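[1] okay, here's the prediction I keep looking at, along with the sequence it came from:
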Amino acid sequence: MAEVKLVELTKKFGDITAVNVMNLDIKDREFFVLLGPTGAGKTTTLRLVAGLEKPDVGDIFLDTNKVNSWSPAVRDVAFVFQYYTLYPHYTVRQNLEFPLKSNLRKTPRAEIDKKIADISKILHIDHLLDRQTVNLSGGEMQRVAIGRAIVRTPKVFLMDEPLSNLDAKLREEMRAELARLHIDLGFTFFYVTHDQVEAMTMGDRIGVLNEGSLMQVGYPDEIYNRPKNMFVAKFVGSPMVNLLESEIAGEKLIIGRREKAMECSLNAMQCKIVGRSKSKNVFLGIRPEDITISREKQPGNSFKCSVYFKQSMGVEDILNLKFTDDLIFKALAPPRLSIDVGDSLYATFLMDRAHIFDAETEERLEMPK
Amino acid sequence: MAEIVLENIVKRFGNLVAVNNLNLRIEDKEFVVLLGPSGCGKTTTLRMISGLELPDEGKILLDGQDVTFKRASRRDIAFVFQLYALYPHMTVYGNMAFPLKTQGFSKEKVDEEIKMAAGLLKIDHILNKKPRELAGGDMQRVALGRALVRRPKAFLLDEPIGTLDAKFREEMRTELKKLHVDIGATTVYVTHDQVEAMSMGDKVVIMNKGDLQQIGTPSEVYHNPENLFVANFIGSPGMNFIECMPVKDEGGNVTLKMTDVNQVIELPDNLQKIIIKNNKIDHELILGIRPEDINLEFKECKNYINAEVYIIETLGSYNIIDVKLGKYTIRVRTLPTVSPDIGTGCCIGLEMNSITLFDKKTEKSIMKN
């Protein structure tokens, strides 16, 4: 059980700054997810915490201990990798026992047996204990790998994209299992992924990382509903938020070209916010689920569009709507509306749910607190 | 542009039947997705269409012409393995010219092909830029352009975006679909990810262990799955299953007894008729229901089943709540505002007009008969 604290952490590889002045507090027993694209610095951060890399600047604390100079073994953290590393000729039980038998911790037999019984039950692998690991499915192997990491009750549990080599279907099942496992175990989890669905569904809090810098740290709900900048807005949510280039004109946003533009009325709060903006150029961010679809014009910001193409996801249709040739955006519609390609319909923007970003800085425009 | 027909295709590797008597018609300009878990035979099927693998039995027709044993290079089909990242030191033009130059095309021909593809993809204005100067969307279009320049009769794609970051993958799905809408080339696409299949395919072909499971539009395979495998594989999360048995009371009314859960549910008339017509009274059945067709309540409700909240997955625009119902974990889709404590008692109500009934023994849907 432990807190993880990163202070002004910086790590460079040659000219590349992999981690750039990172400050982060991970609470005891928290499931913290570091989310970002490939090359954002996620894995490097994790390796710094584990002691597999040394920081150039900054400090790493585990609980109240500054551990910069501690070796990985002494830090007492467990690492689960994307590629599960099991001993193929060992049984599941032998794989699980292995870390307990190391010279560092000579655990008594009875205690080993009890620990393995407990952990295998939590991970639903108790029926597999005497199987050789080569005979397991991908999901089972990953659970054994996780089991081997947690069996020695580490202080912090570091996970580097542990689900990304699994089939999509299995990944989906494992997400819920991992989230529940975290609750049952009560360990501190530090998990990195490029998949926002994993971050949103499992994380107590999420840190969004881009090019070594933390863009935003917050609860899933904050990250989704109040993204601090365009990068976060785009990275979290599927289908992706629509970002429409706009110009401020009094209490309205003009979206698209002047000859045929959408004129979008702002609510009172948004009027105040754009009133303070120095620049006239902004992006309107509106998520596909915050656009409603109807055959008739609705009151408010309702625009006539045609259906360019549609993606039937079963539970909902993703409509790609065309206002003009260069103004295309996505909206969601229930399949019962039976919307077809080429249909003409109205898209109504729920402006109370919209986000406004400065076109140049890409930062969210909002009232100062 | 081409029509591809597979007749009674069988492919064995030693004792393993990789593809078992597959019949498939891919219409001209159609986007067909071969979907299934690892080892289902989808890639082998694609390789036989391309000519990289020869079938043991059956015929392959390309525009009516038998090409079963024709060499891959003579089939005029483009096989795209992966939409790799671009060469950073080359311009967009250089990146697109690369595959043509390696095939020995003349300078004029290369130029002509690139102009054509660039026009289709609307990237003609960035041909002289380097990849790092491009916006995300443009980068993907260039990657696609590189595959497009040969103008083949048909495109075969084998998990082309599987190794990309989740976000990039989402953008690619939209780009590929849009491209297909715009140019309409016959495309056969292999994936294990049902999201890709649903969002891009005109038709989805679901395979498992070499056997065809179902062919249909995304909407058909989602709403009318022919068996348990399809019902679970399609949808995120897939369909929930509960074992049950229809029983007839003295008045001739058919109700559904849940086998492992102490509950009897009433059935609408049409379902009663289907059960009677199929002679399924007192037969073991499986009730299938989608997460969005279940209502979750935290008070006593008539005809609802008692359960307990197991884990909550927040996705921003909706939540998936896993509830424990005896031995089952049932997934329920709710509004993002529903977030009960873990372990809370709840009850679930099934939208009975949306359920699918399967025969437990054959695993096939009984809804069609």
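    Received it, and whenever you're ready, just let me know what you need.
[2] from here on, contacts and neighbour counts on C-alpha atoms
    OK.
[3] what about the longest helix in chain B?
    helix B:166-183 (DSSP state H).
[4] the residue of the stretch 151-300 of chain A found nearest chain B - how many residues pack around it?
    The stretch 151-300 of chain A approaches chain B most closely through residue A:201 (4.3 Å), counting by Cα to the nearest Cα. Around residue A:201 sit 20 other residues, with neighbours defined as other Cα atoms under 10 Å in any protein chain shown.
[5] who are the packing partners of the helix or strand where residue A:157 lies?
    For residue A:157, the host element (DSSP states H and E) is strand A:156-160. If contacts are counted by 3 or more Cα pairs under 8 Å, 6 or more residues apart in numbering or on different chains; DSSP states H and E, strand A:156-160 sits against helix A:42-50, strand A:77-80, strand A:188-193.
[6] orientation of that strand relative to strand A:188-193 in degrees?
    Interaxial angle of strand A:156-160 relative to strand A:188-193 (axes from the mean of the first three to the mean of the last three Cα atoms, to 10 degrees): 10 degrees.
[7] can you tell me the strand partners of strand A:156-160 and which way each runs?
    strand A:77-80 (parallel), strand A:188-193 (parallel) (DSSP bridges).
[8] dump the longest one to PDB, keeping only the CA atoms.
    In PDB, the C-alpha atoms belonging to strand A:188-193 read as follows (Å, rounded to 0.1, in the frame of the first residue of the first chain):
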ATOM      1  CA  THR A 188      -2.200   1.200  -5.600                       C
ATOM      2  CA  PHE A 189      -2.400   0.700  -9.300                       C
ATOM      3  CA  PHE A 190      -0.400   2.800 -11.800                       C
ATOM      4  CA  TYR A 191      -1.500   1.800 -15.200                       C
ATOM      5  CA  VAL A 192      -0.500   3.200 -18.600                       C
ATOM      6  CA  THR A 193      -2.400   2.800 -21.900                       C
END
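[9] what's downstream of it, the next helix or strand?
    Strand A:188-193 is succeeded, C-terminally, by helix A:196-202 (DSSP H and E).
[10] near chain B, which residues of the stretch 201-350 of chain A are found?
    A:201-202, A:220-221, A:224-225, A:235, A:237-239, A:289, A:309, A:311-315 (Cα under 8 Å from any Cα of the partner chain).
[11] of the residues you listed, buried ones?
    Burial by neighbour count, 16 or more other Cα atoms under 10 Å in any protein chain shown: within these this picks out A:201-202, A:220-221, A:224-225, A:235, A:237-239, A:289, A:309, A:311-315.
[12] now, the residues you listed that are in helices?
    Using DSSP H, those in helices are A:201, A:202, A:220, A:221, A:224, A:225, A:235.
[13] which among these gets closest to residue A:302?
    Using Cα to Cα, residue A:225 comes nearest to residue A:302 of those, at 22.2 Å.
[14] list the contacts of the longest helix along chain A.
    Longest helix of chain A, by residue count under DSSP H: helix A:168-185. Applying Cα atoms under 8 Å, 6 or more residues apart in numbering or on different chains, the contact partners of helix A:168-185 are A:31, A:122-123, A:139, A:163-164, A:189, A:198, A:201-203, B:192-194, B:233, B:236-237, B:310-313.
[15] can you name the residues that contact residue B:164?
    Taking Cα under 8 Å, 6+ apart, one finds nothing in contact with residue B:164.
[16] show me which residues of whichever strand or helix holds residue A:74 are buried.
    Residue A:74 is located in helix A:72-75, with elements delineated by DSSP H and E. By 16+ other Cα under 10 Å, the buried positions in helix A:72-75 come out as A:72, A:75.
[17] and stretch B:68-86, by the same measure?
    So for stretch B:68-86, counting by 16+ other Cα under 10 Å, buried means B:68, B:72, B:75, B:76, B:77, B:78, B:79, B:80, B:82, B:83, B:86.
[18] now the strand holding residue A:157: how far from the chain's centre is it?
    In terms of Cα atoms, centre = their mean, to the nearest Å, the centre of strand A:156-160 is set 15 Å apart from its chain centre.
[19] in contact with the closest residue to chain A within the stretch 251-369 of chain B, which residues are there?
    Per Cα to the nearest Cα, residue B:313 is where the stretch 251-369 of chain B lies closest to chain A, at 4.3 Å. Counting by Cα under 8 Å, 6+ apart, residue B:313 makes contact with A:176, A:200, A:201, A:202, B:319, B:320, B:321.
[20] need the phi and psi values for residue A:26.
    phi -110, psi 130 (degrees, to the nearest 10).
[21] for it, name its beta-bridge partners.
    residue A:4.
[22] for residue A:282, see how far away it is.
    34 Å (Cα to Cα, to the nearest Å).
[23] check the stretch 251-369 of chain A for the residue nearest chain B and tell me.
    residue A:311 (4.5 Å).
[24] for the closest residue to that residue other than its chain neighbours, give me the pLDDT.
    Leaving aside its chain neighbours, residue A:311 sits nearest to residue B:199 (4.5 Å; criterion: Cα to Cα, 6 or more residues apart in numbering or on different chains). The score at residue B:199 is 96. That number is its pLDDT.
[25] could you look up the SS state of residue B:199?
    Residue B:199 carries the three-state label helix when classified by DSSP: H, G, I helix; E, B strand; the rest coil.
[26] determine the number of other residues adjacent to it.
    21.
[27] for residue A:28, list the residues it contacts.
    A:1, A:2, A:3, A:4, A:187, A:188.
[28] quick one: it is in a strand?
    No - note on residue A:28: no strand contains this position according to three-state DSSP, which reports coil.
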